[in-house]
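Engineer: would you be able to build a 3D model of this:
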Amino acid sequence: MFDRLPNRVELGIFALMALVCTAVVGLSAKHDYAMMFATMPLFTVAAVMGFRRTEQRQKLRDAQVPPDADVA
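Structural biologist: Got it, this is the predicted structure:
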């Protein structure tokens, strides 16, 4: 379960992006449009982090189970 959580560097990057996006939305005149554009990079980074973590878990799982093992 804990291998699905982001590490400290990923959390730091995500928190910094959230703060920057919040500042951009706060400084803009039209909050609705700014929020729409500010959430795009946050969603993209979160998705890439999830894809990368899934790939890491898959490689770890493949390394633990030998390919010629008999699975019943």
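Engineer: quick check: Phe14 touching Met49?
Structural biologist: Yes: Phe14 lies in contact with Met49 (C-beta atoms under 8 Å); the separation is 7.4 Å. Any C-beta I mention is one placed from the backbone N, CA and C, and that applies to glycine too.
Engineer: what is in contact with these two at once?
Structural biologist: Here Phe14 and Met49 share the contacting residues Pro6, scored by C-beta atoms under 8 Å, 6 or more residues apart in numbering.
Engineer: for stretch 34-44, which residues meet the burial criterion?
Structural biologist: By neighbour count on 16 or more other C-beta atoms under 10 Å, the buried set for stretch 34-44 is 34, 38.
Engineer: pLDDT weak spots in this structure?
Structural biologist: Along the chain, segments meeting pLDDT under 70 span 1-4, 65-72.
Engineer: helices or strands next to the longest helix anywhere in the chain in the packing?
Structural biologist: Under DSSP state H, the helix in the chain containing the largest number of residues is helix 31-64. Contacts defined by 3 or more C-beta pairs under 8 Å, 6 or more residues apart in numbering; DSSP states H and E place helix 31-64 against helix 8-27.
Engineer: contacts for the helix it packs on, please.
Structural biologist: Identification of contacts with helix 8-27 by C-beta under 8 Å, 6+ apart yields 6, 31, 34-35, 38-39, 41-42, 45-46, 49.
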